[in-house]
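Asker: sequence first, predicted coordinates after that:
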Amino acid sequence: MVNRFKYYFKFFFRALREEGIHSTLYRFGDFLLRRRLGLGLLMEWFDYQVLSQFHSPIKTIISIFDPHHHLEKSSLWALYSSFDKDSAISEHVLTQLSVLSKKGFSIMFISSSPQLEPGDVRKLSCFCQVIVHRKNIGHDFGSWRTGYELIKGSLNRTVPVILMNDSCFGPYGSMDSLFTLLTEEPHSVVGVSKSYLIEEHLQSYFLGFGSETVRQGHFDSYMSRIRLLATKEAIVRFFEIGGSHYLKKLKVPLNALVDPLQEPVAQMLKISKSDNAIKDPVGTELVEKGLSPFYKRSNGAPLDLPFF
């Protein structure tokens, strides 16, 4: 609750500085009115409690490419979620898949793009053991839940599991520090970056569940609570922020390469007067200094840096 009020306080004064008194009062009044009436929260609750009941993860599947029956085998799994409105497979996606493959992960590529062309399936099959095409319901968490439903019966619960999506460019430099953290912290869940906006949480474009969290059943319970929601706001509330909150209730540590409360990230944020370590200019600086292997796609064009 304290973090929530700190966020609102920063929001108000940053808007006041950047947009002026009239715009700030209008936006803040609109925000308070909606929260007062509870309309936003009501819609998120309705999505979670009612609308999600109409969506079965398995029924969203359009096709599965599993030529070697890998779903029947126990493996070191990475579930990779992808969406592109033009149904393209970007170069950075293939690069990330290549790195995961070289690290020994069996990859399930889960696409919710409008189309999945045979040529793209051939390219993906160089790195991926299973390729799933599904309807775009539930965003990344919906794809991960669908993938989980396919592997849970044969899941090796003595090794880590990775959830990843295509929302970042990279890797720039090596991802070894991330895999090392996942190996050295088997009782934790590992992310690239942590945020304290609203509440402490791992940002969900990369989540690595350590071997002990999988063995103790925390990965299963985390995945089982995911539903296929329609609104992004509800997904963030219940699964990105809410998922980290759930893990903390289970006493599972949340570790990240980029932690805004730790140096040197804290100093970068102080200098830039920012509260978000992923957004520019801090996001660029983290990559350039080798502190993060990924650059958020929503920030703009890819950095002119070599891929791994």
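Answerer: Arrived safely.

Asker: what's the pLDDT at L39?
Answerer: On the pLDDT scale, L39 is placed at 63.

Asker: over to the one 5 residues further on?
Answerer: Confidence at E44, expressed as pLDDT, is 76.

Asker: what about it, neighbour count?
Answerer: Using other CB atoms under 10 Å, E44 has 19 neighbouring residues. For glycine as for every other residue, the C-beta is placed from the backbone atoms N, C-alpha and C.

Asker: verify the contact between it and R237 for me.
Answerer: Yes - in this structure, E44 is within contact of R237 by CB atoms under 8 Å, at 5.6 Å.

Asker: which stretches in this protein count as strands?
Answerer: Using DSSP state E, the strands of the chain run over residues 61-65, 77-82, 106-111, 130-134, 161-165, 168-169, 189-195, 201-202, 206-209, 254-258, 295-296.

Asker: how about the first one, which residues are buried there?
Answerer: For strand 61-65, the buried set under the neighbour-count rule, 16 or more other CB atoms under 10 Å, comprises I61, F65.

Asker: quick one, that strand and strand 130-134 angle?
Answerer: Interaxial angle, strand 61-65 versus strand 130-134 (axes from the mean of the first three to the mean of the last three CA atoms, to 10 degrees): 160 degrees.

Asker: what about strand 61-65, distance to the chain center?
Answerer: With CA atoms, centre = their mean, to the nearest Å as the basis, strand 61-65 stands 22 Å off its chain's centre.

Asker: so in that sheet, which strands flank it, and in what orientation?
Answerer: strand 130-134 (antiparallel) (DSSP bridges).

Asker: next one: the last one
Answerer: With DSSP bridges as the test, strand 295-296 is paired with strand 168-169 (antiparallel).

Asker: need the strands of the chain in a markdown table (columns: mean pLDDT and distance to Y222).
Answerer: Below are the strands of the chain laid out as a markdown table (pLDDT from 0 to 100; distance: least, CB to CB, whole Å):
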| stretch | mean pLDDT | distance to Y222 |
| --- | --- | --- |
| strand 61-65 | 97 | 21 |
| strand 77-82 | 98 | 12 |
| strand 106-111 | 98 | 17 |
| strand 130-134 | 98 | 20 |
| strand 161-165 | 98 | 9 |
| strand 168-169 | 94 | 21 |
| strand 189-195 | 96 | 8 |
| strand 201-202 | 96 | 11 |
| strand 206-209 | 98 | 8 |
| strand 254-258 | 97 | 12 |
| strand 295-296 | 93 | 23 |
